[in-house]
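Participant: Just need the structure, nothing else, for what follows:
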Amino acid sequence: MRAALREFRDFATRGNVVDLAIAVVLGAAFGAVVTSFVENLLTPLIAAIFGEPDFSSLSFTINESRFAYGAVVNTLLAFTFIAAAIFFLVVKPLNALAARRKQGDEPPAEPTDEIRLLTEIRDALRPR
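Facilitator: Numbers count the residues shown, from 1 in each chain. Below you'll find the predicted structure:
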């Protein structure tokens with residue numbers, strides 16, 4: 001029993017599990033911020049442009065069956081805005097940061113004169 005508890009403790013305190021838990025909590029908090037941004041800033045902007053802040057009332061009827069396509073439009077717009085916000089506020093800056101870090105790690109394409117000289121010296125000293 002103690003071995004199982006110790007194994008569970010090792011699993012729960014492993015870095016990946018803790019990182020995942022932090023990511024889930026931060027993701028939920030960021031989701032709330034983006035949802036608020038969409039509902040309180042972008043939706044009124046859409047209302048100012050199109051005249052309607054909410055498309056849920058849009059529908060059509062065929063043979064007494066009501067198709068509320070406005071709710072689908074609302075959901076698609078919310079998804080698009082949330083995806084764009086995540087892309088431009090998180091993904092794009094992180095990609096730029098990763099590219100900037102990667103630039104510093106790559107060796108120069110062609111050796112400099114100093115490196116060539118040091119290589120010649122090393123090769124000359126090698127037979128001794």
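Participant: Wasn't residue 127 part of a strand?
Facilitator: No - per DSSP: H, G, I helix; E, B strand; the rest coil, residue 127 lies outside any strand segment and is coil.
Participant: quick one, phi/psi of it?
Facilitator: The phi/psi pair for residue 127 (degrees, to the nearest 10) reads phi -70, psi -20.
Participant: again, but for residue 60
Facilitator: phi -140, psi 160.
Participant: what are the bridge partners for it, then?
Facilitator: residue 67 (DSSP bridges).
Participant: In this structure, where is pLDDT below threshold?
Facilitator: Residues of the chain meeting the criterion pLDDT under 70: 15, 53, 104-108.
Participant: Okay, helices next: where are they in it?
Facilitator: Ranges of helices in the chain, per DSSP state H, are 2-12, 15-37, 43-50, 69-86, 92-105, 113-125.
Participant: Save the ones you listed as TSV, and put in distance to residue 63 too.
Facilitator: (Glycine included, C-beta is placed from N, CA and C.) What follows is the helices of the chain, written out as TSV (distance: least, C-beta to C-beta, whole Å):
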stretch	distance to residue 63
helix 2-12	57
helix 15-37	36
helix 43-50	29
helix 69-86	16
helix 92-105	47
helix 113-125	80
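Participant: Which one of those lies nearest to residue 62?
Facilitator: The closest of the helices of the chain to residue 62 is helix 69-86. By C-beta to C-beta, the value is 11.8 Å.
Participant: now the helices of the chain in a markdown table, with mean neighbour count and distance to residue 59?
Facilitator: Below are the helices of the chain laid out as a markdown table (neighbours: other C-beta atoms under 10 Å; distance: least, C-beta to C-beta, whole Å):
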| stretch | mean neighbour count | distance to residue 59 |
| --- | --- | --- |
| helix 2-12 | 9 | 49 |
| helix 15-37 | 11 | 24 |
| helix 43-50 | 12 | 17 |
| helix 69-86 | 14 | 6 |
| helix 92-105 | 9 | 37 |
| helix 113-125 | 10 | 71 |
